[in-house]
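Colleague: structure for this input, please:
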Amino acid sequence: MSPGFQEQFSLYKGSIPVRQNISMDKFDSCAKKSFAAEQATIKSNSFFPPLAFGDLQPSATAGAKVKWPTRPGDSGFVTTSTGEQNDV
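Modeller: Numbering: from 1, shown residues only. Sure thing, here's the model as predicted:
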């Protein structure tokens, strides 16, 4: 993805660029603040990408997290033989 396309895409989407070499001149103050915070965490070696990107967990774990709560009928609880409900 070219830097120009990344800039245009991010401006239309309302997000900060994923690429690190994009000028923030055309972005609003909120995007500039978010980008600066991201850069600070990257420089301090404390940046962790969101779980949505799949960089911090195996794909099987990510898939299980997405599939489990979306199965029809899942309430998030397991009923025991005594009738008590326990968090899963």
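
Colleague: who are the packing partners of the lengthiest helix in the chain?
Modeller: Ordering each helix of the chain by length in residues (DSSP state H) puts helix 29-43 first. Packing partners of helix 29-43 (3 or more Cβ pairs under 8 Å, 6 or more residues apart in numbering; DSSP states H and E): none among the helices and strands. Quick note: C-beta positions are derived from backbone N, CA and C, even for glycine.

Colleague: at 10 Å instead, please
Modeller: In this structure, helix 29-43 packs against helix 3-13, with contacts taken as 3 or more Cβ pairs under 10 Å, 6 or more residues apart in numbering; DSSP states H and E.

Colleague: got the contact list for the helix it packs on?
Modeller: With Cβ atoms under 10 Å, 6 or more residues apart in numbering as the test, helix 3-13 has contacts from 1-2, 15-19, 21-28, 31, 35.

Colleague: sorry, back to before: what mean pLDDT does the longest helix of the chain get?
Modeller: Averaged across helix 29-43, pLDDT comes to 92.
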